[in-house]
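Participant: I would like to see how this sequence folds:
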Amino acid sequence: MPQRLEANERITVEVTEPDRVKKMLLGGELRDGKTIATLGAYFMGTLCPGSVTGNSNS
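Facilitator: Numbering: from 1, shown residues only. Now for the predicted structure:
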């Protein structure tokens, strides 16, 4: 599906290690609410239990 960006919107995709993403998330570098919510859920294991945190108890 093609992107429908606003005239002033720019999106850059970067491949980043999970530990760096966690630091970005906790350090306030990420500002988009949907991104923060999705990554928070992912790292808590609710989207992929046990995949990143190693905790399969979720």
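
Participant: how much distance is there from the longest helix seen in the chain to the middle of the chain?
Facilitator: Assignment by DSSP state H gives helix 33-44 as the longest helix of the chain. Here helix 33-44 is found 5 Å from its chain centre; the criterion is CA atoms, centre = their mean, to the nearest Å.

Participant: likewise stretch 33-47?
Facilitator: 6 Å.

Participant: Now do that stretch, average pLDDT.
Facilitator: Mean per-residue pLDDT for stretch 33-47: 87.

Participant: could you dump that stretch to CSV, C-alpha only?
Facilitator: This file holds the C-alpha atoms of stretch 33-47, laid out as CSV (Å, rounded to 0.1, in the frame of the first residue of the first chain):
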residue,chain,number,x,y,z
GLY,A,33,2.2,8.1,20.5
LYS,A,34,1.4,5.1,18.3
THR,A,35,5.1,4.2,18.1
ILE,A,36,5.6,4.5,21.8
ALA,A,37,2.5,2.4,22.6
THR,A,38,3.4,-0.3,20.1
LEU,A,39,7.0,-0.6,21.2
GLY,A,40,6.0,-0.5,24.9
ALA,A,41,3.6,-3.4,24.3
TYR,A,42,6.2,-5.3,22.3
PHE,A,43,9.0,-4.9,24.9
MET,A,44,6.5,-5.9,27.7
GLY,A,45,5.9,-9.1,25.8
THR,A,46,2.2,-8.5,25.1
LEU,A,47,2.5,-8.6,21.3
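
Participant: gap between the residue most central in space within the chain and E29?
Facilitator: Nearest to the mean C-alpha position of the chain, by CA atoms, centre = their mean, lies L39 at 3.3 Å. Per CB to CB, to the nearest Å, L39 is found 11 Å from E29. To be clear about C-beta, it is placed using only N, CA and C from the backbone, and glycine gets the same treatment.

Participant: which neighbours do these two share?
Facilitator: Common contacts of L39 and E29 (CB atoms under 8 Å, 6 or more residues apart in numbering): none found.
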